[in-house]
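Asker: structure for this input, please:
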Amino acid sequence: MKKFLRSIVGLLSLCLLTVSVFRPVSAQESGPTDDEVNAVASQLYCPVCENIPLDACGTVACEQWRGIIRDKLAQGWTEDEIKDYFVAQYGDRVLAEPPVQGFNWLAYLIPFMVLVGGLVLLVFGFRKWRVTESLQSTPPRRKTGLQDPEIDQEYLRKVEEELEARTRGRG
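Answerer: Numbers count the residues shown, from 1 in each chain. Predicted coordinates:
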């Protein structure tokens, strides 16, 4: 029985030693995944190609920059630190979203101003359209001549003179 226990203990020791030496490498130890690299690369634009995100660009330079991102992630850098690194190397033009500072804030403000301006124009356009439509639907009013007393007196005097002239001509 002692021999059997020794062989089981030896076998267990060998198994533990084998497991500790040949343990599987976890994803964190092997480095960042392609998804993690592309998550950062999608926030950057290729400094060589115009208007192409770094994760979609197929040039050799972009592959090297994605390799830099992979290395920085493996070293424990955050997304913001990596973006700051690329901005220091190539300027703000590599960012997918420009920082809200200087004249860049206009990129965020102008679409809002255009939207508000368009809504104001629509409101005033509909109001003018409704007023014009309501004026066309009501019949025009007749002018009666009884609007200004001086004009009315002058008109009456002319009518009386003409009537007097016509009655003299008959008789």
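
Asker: longest helix in the protein, by number of residues?
Answerer: Using DSSP state H, we find that the single longest helix of the chain is helix 106-137.

Asker: could I get whichever helix or strand comes after that one in CSV with only the CA atoms?
Answerer: Using DSSP states H and E, the helix or strand that follows helix 106-137 in sequence is helix 149-170. Output of helix 149-170 as CSV, limited to C-alpha atoms (Å, rounded to 0.1, in the frame of the first residue of the first chain):
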residue,chain,number,x,y,z
PRO,A,149,-64.8,113.0,-45.2
GLU,A,150,-63.0,115.7,-47.3
ILE,A,151,-63.0,113.4,-50.4
ASP,A,152,-66.7,112.5,-49.7
GLN,A,153,-67.7,116.2,-49.6
GLU,A,154,-65.8,116.9,-52.9
TYR,A,155,-67.5,113.9,-54.5
LEU,A,156,-70.9,114.9,-53.4
ARG,A,157,-70.4,118.5,-54.7
LYS,A,158,-69.4,117.1,-58.1
VAL,A,159,-72.4,114.8,-58.2
GLU,A,160,-74.8,117.7,-57.3
GLU,A,161,-73.3,120.0,-60.0
GLU,A,162,-73.7,117.3,-62.6
LEU,A,163,-77.2,116.5,-61.6
GLU,A,164,-78.0,120.2,-61.7
ALA,A,165,-76.5,120.5,-65.2
ARG,A,166,-78.5,117.6,-66.5
THR,A,167,-81.8,118.9,-65.1
ARG,A,168,-81.1,122.3,-66.7
GLY,A,169,-80.4,120.6,-70.0
ARG,A,170,-83.8,118.9,-70.0
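
Asker: so what does the longest helix of the chain touch, helix or strand wise?
Answerer: The contact analysis (3 or more C-beta pairs under 8 Å, 6 or more residues apart in numbering; DSSP states H and E) places helix 106-137 against no helix or strand. Placement of C-beta: from N, CA and C, glycine included.

Asker: next, the buried residues of stretch 113-124.
Answerer: Within stretch 113-124, no residue is scored as buried using 16 or more other C-beta atoms under 10 Å.

Asker: just the CA trace of that stretch, in PDB.
Answerer: This file holds the C-alpha atoms of stretch 113-124, laid out as PDB (Å, rounded to 0.1, in the frame of the first residue of the first chain):
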ATOM      1  CA  MET A 113     -26.600  76.500 -36.300                       C
ATOM      2  CA  VAL A 114     -27.600  75.400 -39.800                       C
ATOM      3  CA  LEU A 115     -30.400  73.200 -38.400                       C
ATOM      4  CA  VAL A 116     -31.800  76.000 -36.200                       C
ATOM      5  CA  GLY A 117     -31.600  78.500 -39.100                       C
ATOM      6  CA  GLY A 118     -33.400  76.000 -41.400                       C
ATOM      7  CA  LEU A 119     -36.200  75.600 -38.800                       C
ATOM      8  CA  VAL A 120     -36.600  79.400 -38.400                       C
ATOM      9  CA  LEU A 121     -36.800  79.700 -42.200                       C
ATOM     10  CA  LEU A 122     -39.400  77.000 -42.400                       C
ATOM     11  CA  VAL A 123     -41.500  78.600 -39.600                       C
ATOM     12  CA  PHE A 124     -41.500  82.000 -41.300                       C
END
